[in-house]
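Enquirer: here is the input, now give the coordinates:
(one chain, ligands or ions: 1)
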Amino acid sequence: MTTAAAWPVRLAAWAVRDERTRGRVHAEPGHPYRSPFQRDRDRIIHCRAFRRLMHKTQVFVAGEGDHFRTRLTHTMEVAQIARTAAACLRLNQDLTEAICLGHDLGHPPFGHAGQTALNRCMTDHGGFEHNLQALRIVDALEHRYAGFPGLNLCWETREGLLKRCSRRQARALGDLGERFIRRRQPSLEAQLANVADEIAYNHHDLDDGLRSGLLEPGELMEVRLFRESRDEAAGRFPAADGGSLASEAIRGMIDRVVSDLIETTGANLKEAMPEDADAVRSRSMPLVGLSDPVDKRHRELARFLTERLYHHPRMQQEYARGGAVVDALFNHYMNHPDQLPGRLSPDRERGAGALARAVADYIAGMTDRYAGRRCRALALDS
Ligand code: MG
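Expert: Residues are numbered from 1 along each chain as shown. Predicted structure coming up:
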């Protein structure tokens, strides 16, 4: 019989190894054709929360333009960047991919505006954080399997999904939260997914910003990464028009940053030589990262996007509209808990906190268009 083990990938000593997984909360027999992390990746792709990413905002409100990124295409771009780097660094590609594909599952509708609004609504009930929500989805909220709640993912995949967490919240998460209390690092695969996310959204937001007309190619010349890449592209394609040069420039920027990520991380690993994945976890500083000059340029790009794109009056207007929809829905369902879907009905005995969490779960799961539709159907003032 052919099994996944018939094509052994030579992993580095510091990679997470399939056979050393800390396993799943509910024990399951192994699969003859797929490794544990391949199964995790497949479970994420087949879950409903993953499909909903198609209609959730990345930066531009989903549905506004057919060529803008959505959370789904962003997620795929993160996975593509991270897989390339994982292969070059001989990390566990399947685990890396599973973490990347699941990393944004917990995002509410309307991007960061939705997250901010929902967190504000939940102030008195433990707050709302999309990383923790991703974990709630894969641990409990998805209903696909008869044998267990959630997707029953491996510990290492769940570790990677939990990118951020307060110390208070970490204490409730047992060994998964320990690293936030002890200020330690997750696996290299999780570190890589995290950096790939930042690289993907910075560059793709720049691309979408240009496409939207909210950013002008001229003002981008203030960003060193862009300017250097565009000058290089102009040297290679002297007859190209401005649009093609901007595309070439962004392509060149991603290639430069990802190449730097691979080379810098490779050098960090060679120097640190962690014995295994647990030695990586026992460190206080990450090993995956960019060199100083590229890191500075990458941060400069992030700052530029914050000032010129995310704070652009038109974006702020859209964010305010999205936030108002979330606020209106939250208030409505807090006052009408009987209208929540049956599977989310909170135990009345457990009080307002349990109700608020159920309402947050419901709203966080909504796509932008569904949230808008609910608001209109309920004639809510948003
Ligand atoms: Mg992301």
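
Enquirer: now stretch 191-204: buried residues?
Expert: Using 16 or more other C-beta atoms under 10 Å as the test for burial, stretch 191-204 gives 191-204. C-beta: built from backbone N, CA, C; applies to glycine.

Enquirer: ugh, wrong one, I meant stretch 308-325
Expert: R308, L309, Y310, H312, M315, E318, Y319, G322, G323, A324, V325.

Enquirer: and for the fifth one, nearest residue in space, chain neighbours not counted?
Expert: Going back to what we said before, that points to M315. L309 (6.5 Å; C-beta to C-beta, 6 or more residues apart in numbering).

Enquirer: wait, M54 sits on L72?
Expert: Yes. With contacts counted by C-beta atoms under 8 Å, M54 reaches L72, the gap being 4.4 Å.

Enquirer: low-confidence ranges, the stretch 1-150 of the chain, go.
Expert: Under the criterion pLDDT under 70, the flagged ranges of the stretch 1-150 of the chain are 1-9, 61-64.

Enquirer: residue of it nearest the ion, please.
Expert: Nearest residue of the stretch 1-150 of the chain to the ion (C-beta to the ion) works out as D104 at 4.5 Å.

Enquirer: which ones among the buried residues of stretch 191-204 also lie next to the ion?
Expert: The subset of the buried residues of stretch 191-204 within reach of the ion, by C-beta under 5 Å from the ion, is D197.

Enquirer: so can I have TSV of the buried residues of stretch 191-204 showing pLDDT and secondary structure?
Expert: Output for the buried residues of stretch 191-204, formatted as TSV (pLDDT from 0 to 100; DSSP: H, G, I helix; E, B strand; the rest coil):
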residue	pLDDT	secondary structure
Q191	98	helix
L192	98	helix
A193	98	helix
N194	98	helix
V195	98	helix
A196	98	helix
D197	97	helix
E198	97	helix
I199	98	helix
A200	97	helix
Y201	96	helix
N202	96	helix
H203	96	helix
H204	95	helix
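
Enquirer: now, which of the buried residues of stretch 191-204 sits nearest A360?
Expert: Set against A360, the nearest of the buried residues of stretch 191-204 by C-beta to C-beta is D197 (22.8 Å).

Enquirer: and the gap between the closest one and V78?
Expert: D197 sits 5 Å away from V78, going by C-beta to C-beta, to the nearest Å.

Enquirer: give the residues shared as contacts by these two.
Expert: By the contact definition C-beta atoms under 8 Å, 6 or more residues apart in numbering, D197 and V78 are jointly contacted by C100, H103.

Enquirer: so what's the residue in the stretch 251-382 of the chain positioned nearest to the ion up against?
Expert: Relative to the ion, the nearest point of the stretch 251-382 of the chain is A302 (13.4 Å; C-beta to the ion). By C-beta under 8 Å, 6+ apart, the contact set of A302 is E198, N202.
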